[in-house]
Each structure stands twice: as structure tokens, then as C-alpha cells.
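J.: Provided below for reference: sequence and predicted model.
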Amino acid sequence: MRSSSGSGYNSHGWEASLTGSLNRFFGLELDLSDHYNTAPGLLNYTNGFSFLFGPHFAYRGIPRANPYIHFLIGGTRGSRPPVGILVPGSGLRPVTGCPSLGPLNETAFSTGFGGGVDVKANRFLWVRVVQADYLREYFTGDAQNNLRLSFGVVLRFGR
């Protein structure tokens, strides 16, 4: 994931989603992901567990490929390192006279929009060639615009 917060940074993590198809083109998706990294700067939320839900639209007119788009809403539980000065032998000490920088952990409203392409390997196994999402996280004082790229394996049950 690429975040726009501060000077921008990349983070790594995982993503899992579950989609229940209600008909040939429309389904509902639950998307969970966790991304983590140490970012430059003090105010950035560098770790984030996202829980998103929303509609999933698939085009199933191609026999061995399944392009799709989705719109997701939910939340992100973000954390950032404490702000202070590292004093050898004494640990992290607060900066005297520094204004409060808010919570170290915060749950923010989040939205996501994107899509991808799955390619059929066999009846039950598909390969997610790419999924690209724009994620917007509304942290207090640090709204973030993120680009998330993912790929992996899809287990497909039913038709």
C-alpha cells in the first residue's frame, strides 16, 4: 500500500475478502486487511487494520477471466509510534512544551473503491492477477489517501 500521509510511504501486509454472489453480476463483499510499516514523520498512522464492506460487481461474460469492481465502506484501526525523545538508558521521554499530538491509536471512517481481474486456473481455483484500490481514511488531523495493490489466490465455490 502507498500512503499519501506526510511525505508518503509504502507499507506491506495482507488482505482477505469474502464475496457472496446474489446473482450473476452482483454480490456483497467483506474485505479485511492489515498493513504495517515505520513511516518517516511523527504524525503518520503507520499501521492500520481495515474492515470494509460493500457491493461487488463482476462481469462474467469472459469464460476464463472475471473482471470486477467494488465500493467499500467501514473503518480502519490505525496506530502510530509515540512522540518523544529517546534518552539512552531511560527510554522514550515526552517532548517538553510540545502540544498534544492526539491518540496513538484511533479508529477512523474509511472508504474504498477499486477493482481487479481474476483468471481461472481450474474449477475451484482462480488467480487474482491484480486488485487496485483507492482507500481514503479519515483520521483526526491526518486524512490519508492510499493506493493498495494486491494479488493472490481465489477459492471459488458454486457457479
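T.: Everything's here; your move.

J.: Provide the partner residues of residue 14 in its beta bridges.
T.: In this entry, residue 14 is beta-bridged to residue 34, by DSSP bridges.

J.: surely it meets residue 36?
T.: No: contact between residue 14 and residue 36 fails when scored by CB atoms under 8 Å: they sit 9.8 Å apart. Yep, even glycine has a C-beta here, placed from its N, CA and C like the rest.

J.: So between those two, which is more surrounded?
T.: Using other CB atoms under 10 Å as the criterion, residue 14 and residue 36 rank with residue 36 on top: 14 against 11.

J.: how close does residue 149 get to residue 28?
T.: As judged by CB to CB, to the nearest Å, residue 149 and residue 28 stand 23 Å apart.

J.: Then residue 48?
T.: In this view, residue 48 and residue 28 are 23 Å apart by CB to CB.

J.: What of residue 58?
T.: 12 Å.

J.: what does residue 69 give?
T.: From residue 69 over to residue 28 the distance is 14 Å, taken as CB to CB.

J.: What of residue 13?
T.: Distance from residue 13 to residue 28, counting by CB to CB: 23 Å.

J.: contacting residues for the closest residue to residue 154 other than its chain neighbours?
T.: Spatial nearest neighbour of residue 154, excluding adjacent residues (CB to CB, 6 or more residues apart in numbering): residue 126 at 4.0 Å. Counting by CB atoms under 8 Å, 6 or more residues apart in numbering, residue 126 touches 66, 118, 119, 120, 153, 154, 155, 156.

J.: is it true that residue 136 touches residue 143?
T.: Yes: with contacts counted by CB under 8 Å, residue 136 reaches residue 143, the gap being 7.1 Å.

J.: which one of those two has more residues nearby?
T.: Legend: neighbour count by other CB under 10 Å for residue 136 and residue 143, higher for residue 136 (16 against 13).
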